[in-house]
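A.B. asks: 3D, please:
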Amino acid sequence: MVASNGPTAAQAVQSPMLFSRHTQAILYNYKVNPVQRMLDFDYLCRRETPSLAALVSVGSKGGFEKVFFGTKEIALPVYGSTKDAVKAHPNADVFINYASFRSAYQSSMEALEIPTIKVVVIIAEGVPEADVKRLIAVSKKKGKIVIGPATVGGIQAGAFKIGDTAGTVDNIIACKLHRPGSVGFVSKSGGLSNESYNIISRTTDGLFEGIAVGGDAFPGTTLADHVLRFQQIPQIKMIVVLGELGGTDEYAIVDCLKAGKITKPVVAWVSGTCAKVFPTEVQFGHAGAKSGGLKESAEAKNQALKDAGAVVPTSFEEYPVVIAQTFKKLVESGQHVPVPDVVPPEMPMDVKKAMKAGKVRASTNIVCTISDDRGEEPTYAGVPMSELIEKDYSVGDVMALLWFKRSLPKWATKFLEMCLIIAADHGPCVSGAHNTIIAARAGKDLVACVASGLLTIGPRFGGAIDDAARDFKRAKDSGQSPEEFVESMKKAGTRISGIGHRIKSAENPDKRVTLLLDYADRHFPEAIYKDYALKVQAYTLTKANNLILNVDGCIGALICDMLASCGSFTDEEVQEVLDIGTLNGLFIQARTIGLIGHALDQKRMKQPLYRHPWDDILYAEEAMQKPQEPDAASVANGVSTAKSTLDLIKLQLGSNAS
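C.D. replies: Numbers count the residues shown, from 1 in each chain. Next up is the predicted model:
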C-alpha cells in the first residue's frame, strides 16, 4: 500500500482541516461494506492512493483482505493489533473504530495514546457515558479529535469519507460528494446528514465537509467545535447546522455568534418541535434526544440561534429554501464563485450485481447437479433438508441421492449401509489402519491421520471393488463361462480382482461375505452377477484353497445386481457408475469410520512415537556387496556361477512373487 505524502499528524493537529485527498485511515474490526464503500468513494474522487492503509482484526495472525480499488483488485494488509498496524503505516492518522460498545473504550483509548493518530471515530452506540468522558478528557489533553460515539462518521467531499457515511455510490454522485463544494455541515444525526447532503447539493454548489457528531448525550466533539473549525477553513463559505432537542450544545454556537467568533453565514435548524404536542417527556431515537426543560426544547434553541444571527427557517420544510437563499446572497454579493460540476468516472459494477441486474452474463466455473444450498434450506438431489429429517431418511438414502442422484428402494439403501458396517474396519494390522496408527503416534492431527490411511487404498488394499464389478459384469454380459473368464485373465497375466484372500480359505470363509450373500438371497429381486462370481470362485478353488470370493469381489458383484435389478438405471447408466469409480467410494467411506476410530484410540491412550523393531527388518546392505565364490565343480567345468547376494535375493523375491 502506498503511504500518504500529506502532512504529518503533528502538523495536522494545528490545522482546522481534518482530512485531505492524502488522508489514510486504519479501520479497527473489519467490516466488508464500509471498507468497500470507502474505496469506491476514493475511485469516484480520483484519489491516487486508497484512503484505507490497513485493517485491524484483534488476535489474527495478519494477512490480507482482497478488496476493489476501482477496476483493480488490491490486498489490504490485516494486523492483529493496532500497535502493529500503526508501526507499519505511520502516515495513517485517522482511526475508524467499528468495535462494539463493550470494547470501544479500550481500543479508542489505545488509539488516542498513539502520537500519529489525530482523529478517532467511534461508530458504536451505547458506550458507557463515564468511558466517553474519559476519552474526551484524554483527547483534549492531547489535542486530538474524537467523532462519536454513535456516529456514522463524516466526509470531506472529493477527498475522504468515513465508513458508510453518505451511503451508496449512487447517492454520493447524486449529492455531488465526489468533488468539493463550499458548504460546511454538522449534525448529530447520520440519517439526517444524508438527507441534508442531498438538500445542500440541490440548493448550493455542494458540500465541502460534513460531520455527524453522534446522537449520544456526550459526543466526543460538539456541534460548536466543528462550526468553529469551519470558520477557519477558507474553502467553506457558509455553514449549515442541524441540531435536535435535548441537551444544550446549540447554545455554544449561540455564544460564538454573539462573541463574533463566527462570521460566516450560518443556517441552523433544531429538529424536535413536535415534542410539544406530547403531554409528557419524550425520548426520541438518540440517547441525547429527549425533551427536558424549556431551555432544551427545539423552539427555545431555534429562537436563541435566530436571535444570535443565524438564519433559522420556520419549519424543516423551509430548511432547503433558506439554504438556497443564503447561498444565492453569497454569490450575488460577489463573496463566492460557485464551484463547477465535475463529471465523476463511471463506477465499475461488481459481476454479481451486474448479473442480478441482467446487464452481463458470465460462464460458470463449476457445475453441480447433486445439491443446492441457495434457498431457505439445502436440498439433496431436489429433496429438501426438512423432508430428509421429517421422513427419517437413512444414511443409505442420502448416499443414493448424492451418489446416484435418485432415490432407491429400501432394500438397496439398506444394502449400502450394510456395506459400510461390514467394511468399516478390519483390525489394526491392515495397511490403512497401520498407517493411521503410526501417524497418530507421531502427533499428527485427525485429518492427517485419516488421510495417511486412506492413501493406501488402491488395487492391493480395498480398492478392488470397482475392478471386480467391471470384470464380473463384462465377463457375464459377454457370455464368457467362468472357466473361460479365469483362463483368459491368466493368459493376459492379469490378477482377478475380488478373488483371493491372504488369511481366509474355503474351510475358513470370510464371515462378511457370508452375511452379504445371505442378505442378497433374501432381499435382491435377482442376483445374476453374484451367481456368476460364485461360479468363478468354484473354478478358482480347484487351483488353490485361498482363491475365494473376497469381500471386495462380493460387494462389486452385488452392486452390479443392485443397479441392474432396482429398476432405476439404464444399462448405460450402470456402466457409467462402474467406469467413474463409484464403488470404491463405499470402501473409502466405510473405512474412514474405522480409521477415525484408530486415530482416536491411539490419541486416547497417549501412545508414543512408533519405531519399527530392528529384528523385523532384513538388513541386507553389506551382503549385497559381496560376490559368492564359484564352487569347485563349476570351476572344473569351466563355467563361472558366481553371483552376488543381491542377484540371489532378486531371484528369490521374483520366485516368491510368482
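
A.B. asks: what number of residues lie near the closest residue to Val577 other than its chain neighbours?
C.D. replies: Here the nearest residue to Val577 in space, its sequence neighbours aside, is Leu563; by Cβ to Cβ, 6 or more residues apart in numbering that works out to 6.1 Å. Placement of C-beta: from N, CA and C, glycine included. Counted with other Cβ atoms under 10 Å, the burial measure for Leu563 works out to 25 neighbours.

A.B. asks: average pLDDT across the host helix or strand of Leu563?
C.D. replies: Using DSSP states H and E, the element containing Leu563 is helix 551-565. Summarised as a single mean, pLDDT over helix 551-565 is 95.

A.B. asks: by contact count, what packs against that helix?
C.D. replies: In terms of contact count using 3 or more Cβ pairs under 8 Å, 6 or more residues apart in numbering; DSSP states H and E, helix 551-565 is assigned the packing partners helix 410-423, helix 465-478, helix 511-523, helix 528-540, helix 571-579, helix 584-604.

A.B. asks: Lys72 versus the residue nearest to Val577, what's the distance?
C.D. replies: Leu563 is 52 Å from Lys72, where distance means Cβ to Cβ, to the nearest Å.

A.B. asks: thinking again about what came up before, OK, contacts around the residue nearest to Val577?
C.D. replies: Leu563 makes contact with 569, 573-574, 577 under the criterion Cβ atoms under 8 Å, 6 or more residues apart in numbering.

A.B. asks: and it, how far is that from His178?
C.D. replies: Summarising the geometry, the distance separating Leu563 from His178, computed by Cβ to Cβ, is 64 Å.

A.B. asks: check contacts around Ile147.
C.D. replies: Residues near Ile147 by Cβ under 8 Å, 6+ apart: 119-122, 153-154, 162, 211-214, 220-221.

A.B. asks: which of these sits closest to Ala99?
C.D. replies: Comparing the contacts of Ile147 against Ala99 with Cβ to Cβ picks out Ile122 as the nearest, at 8.1 Å.

A.B. asks: any idea how far Pro313 is from Gly358?
C.D. replies: 44 Å.

A.B. asks: my bad, Pro338
C.D. replies: For Pro338, the distance to Pro313 - Cβ to Cβ - is 22 Å.

A.B. asks: more neighbours: which of those two?
C.D. replies: Set side by side, Pro338 and Pro313 show unequal neighbour counts under other Cβ under 10 Å, the larger going to Pro313 at 18 against 14.

A.B. asks: isn't the more buried one up against Tyr319?
C.D. replies: Yes: contact between Pro313 and Tyr319 holds when scored by Cβ atoms under 8 Å: they sit 4.9 Å apart.

A.B. asks: joint contacts of the two?
C.D. replies: 267, 269.

A.B. asks: CSV for the helices and strands packed on helix 551-565, including mean pLDDT and distance to Thr168?
C.D. replies: Shown next, in CSV, are those (pLDDT from 0 to 100; distance: least, Cβ to Cβ, whole Å):
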stretch, mean pLDDT, distance to Thr168
helix 410-423, 96, 51
helix 465-478, 95, 55
helix 511-523, 96, 62
helix 528-540, 97, 64
helix 571-579, 94, 50
helix 584-604, 95, 48
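
A.B. asks: quick one: closest of those helices to Pro128.
C.D. replies: With respect to Pro128, and counting by Cβ to Cβ, the nearest of the helices and strands packed on helix 551-565 is helix 584-604 at 46.1 Å.

A.B. asks: returning to that earlier point: make a PyMOL selection of the buried ones in the contacts of Leu563.
C.D. replies: Selection of buried members from the contacts of Leu563 for PyMOL, criterion 16 or more other Cβ atoms under 10 Å:
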select buried, resi 569+574+577
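
A.B. asks: how about the contacts of Leu563 in JSON lines, adding distance to Gly148?
C.D. replies: Converted to JSON lines, those look like this (distance: Cβ to Cβ, whole Å):
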{"residue": "Phe569", "distance to Gly148": "65"}
{"residue": "Glu573", "distance to Gly148": "64"}
{"residue": "Val574", "distance to Gly148": "67"}
{"residue": "Val577", "distance to Gly148": "62"}
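
A.B. asks: which of the contacts of Leu563 lies closest to Ser15?
C.D. replies: Within the contacts of Leu563, proximity to Ser15 (Cβ to Cβ) peaks at Val577, which comes in at 74.1 Å.

A.B. asks: isn't that closest one right up against Ser568?
C.D. replies: No: between Val577 and Ser568 there is no contact, the gap being 10.9 Å when judged by Cβ under 8 Å.

A.B. asks: rewinding a little: and which of the contacts of Leu563 is nearest to Lys328?
C.D. replies: When the contacts of Leu563 are compared for distance to Lys328 (Cβ to Cβ), Glu573 wins out at 79.1 Å.

A.B. asks: contacting residues around the closest one?
C.D. replies: Remark: with contacts taken as Cβ under 8 Å, 6+ apart, Glu573 is in contact with Leu563.

A.B. asks: for it, give its distance to Arg406.
C.D. replies: Distance check for Glu573 against Arg406: by Cβ to Cβ, it reads 10 Å.

A.B. asks: then Asn97?
C.D. replies: On the measure of Cβ to Cβ, Asn97 and Arg406 end up 54 Å apart.

A.B. asks: between these two, who's got more neighbours?
C.D. replies: Of the pair Asn97 and Arg406, Asn97 is the one with more neighbours under other Cβ under 10 Å, namely 28 against 13.

A.B. asks: are we agreed that Ile211 is in a strand?
C.D. replies: Yes: looking at Ile211 with DSSP: H, G, I helix; E, B strand; the rest coil, it is inside a strand.

A.B. asks: run a quick neighbour tally on it.
C.D. replies: When neighbours are counted by other Cβ under 10 Å, Ile211 registers 30.
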